[in-house]
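In: sharing a sequence plus its predicted fold:
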Amino acid sequence: MGLGDIISQQLVEKRGLRGHQSCRTLIMVSLGCGFVGPAVGGWYRVLDRLIPGTSKVDALKKMLLDQGCFAPCFLGSFLSLVGALNGLSAQDNWAKLWRDYPDALITNYYLWPAVQLANFYLVPLHYRLAVVQCVAVVWNSYLSWKAHRL
């Protein structure tokens, strides 16, 4: 999460070292450790209990459940948490969520279904979070930019 935010600030937003918002990066690191990692890791364990197996059909079922149920809820929660941690009022946070959520969810669907299908079919459970986090560096850069855009 922190690396994604640094990439967002430096390569996407072109803030430079003097314009880098360290507090923002710290918030993203905290969210990664306190929310994203535990939520995603726990979800993978639940998903593996709900749909045991690693066949192509099992992987497809897991991906559909992941992208149809978990991803929309997770993304909304994440964007709301970032807004709250950045001091937005409830009304401003809701307006920002209403504005940014649909685009973020559509963008999610361009990347994650294929990644998750491969992840659920090819990767053992105890490595899934690590694989996702490698891909997530790019995704987290996008999320950081989207979440901090006013």
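Out: Yes, it's here. Numbers count the residues shown, from 1 in each chain.
In: contacting residues for residue 144?
Out: The neighbours of residue 144, taking Cβ atoms under 8 Å, 6 or more residues apart in numbering as the test, are 1, 4, 5, 7, 8, 9, 24, 28. Using the backbone N, CA and C atoms, a C-beta is placed for each residue, glycine as well.
In: sticking with it, tell me its helix or strand.
Out: Using DSSP states H and E, residue 144 maps to helix 125-148.
In: in which helix or strand would I find the residue lying farthest from the centre of the chain?
Out: Checked against the mean C-alpha position of the chain, the extreme residue using Cα atoms, centre = their mean is residue 18, at a distance of 27.1 Å. For residue 18, the enclosing helix or strand under DSSP H and E is helix 16-19.
In: quick check: mean pLDDT of that helix?
Out: Within the predicted structure, the mean pLDDT of helix 16-19 is 94.
In: what sits up against the helix or strand following it?
Out: Next in sequence after helix 16-19, counting helices and strands by DSSP H and E, comes helix 22-31. Applying Cβ under 8 Å, 6+ apart, the external contacts of helix 22-31 come out as 1-2, 4-6, 9, 78, 81-82, 85-86, 140, 144, 148.
In: swap in stretch 112-127?
Out: Under the criterion Cβ under 8 Å, 6+ apart, residues 44-45, 48, 54, 56, 58-60, 62-63, 66-67, 71, 128, 131-132, 135, 139 lie in contact with stretch 112-127.
In: list the buried ones in it?
Out: By neighbour count on 16 or more other Cβ atoms under 10 Å, the buried set for stretch 112-127 is 112, 113, 115, 116, 117, 119, 120, 121, 123.
In: ditto for stretch 95-107
Out: By neighbour count on 16+ other Cβ under 10 Å, the buried set for stretch 95-107 is 96, 97, 100, 101, 104.
In: what about the helices in the protein?
Out: In order along the chain, the chain carries the following helices (DSSP state H): 2-7, 16-19, 22-31, 37-50, 56-65, 71-85, 90-122, 125-148.
In: okay, those helices, which one's buried deepest?
Out: Of all the helices of the chain, helix 2-7 has the most neighbours on average by mean count of other Cβ atoms under 10 Å, namely a mean of 21.
In: other SSEs contacting it?
Out: Helix 2-7 is packed against helix 22-31, helix 125-148, with contacts defined by 3 or more Cβ pairs under 8 Å, 6 or more residues apart in numbering; DSSP states H and E.
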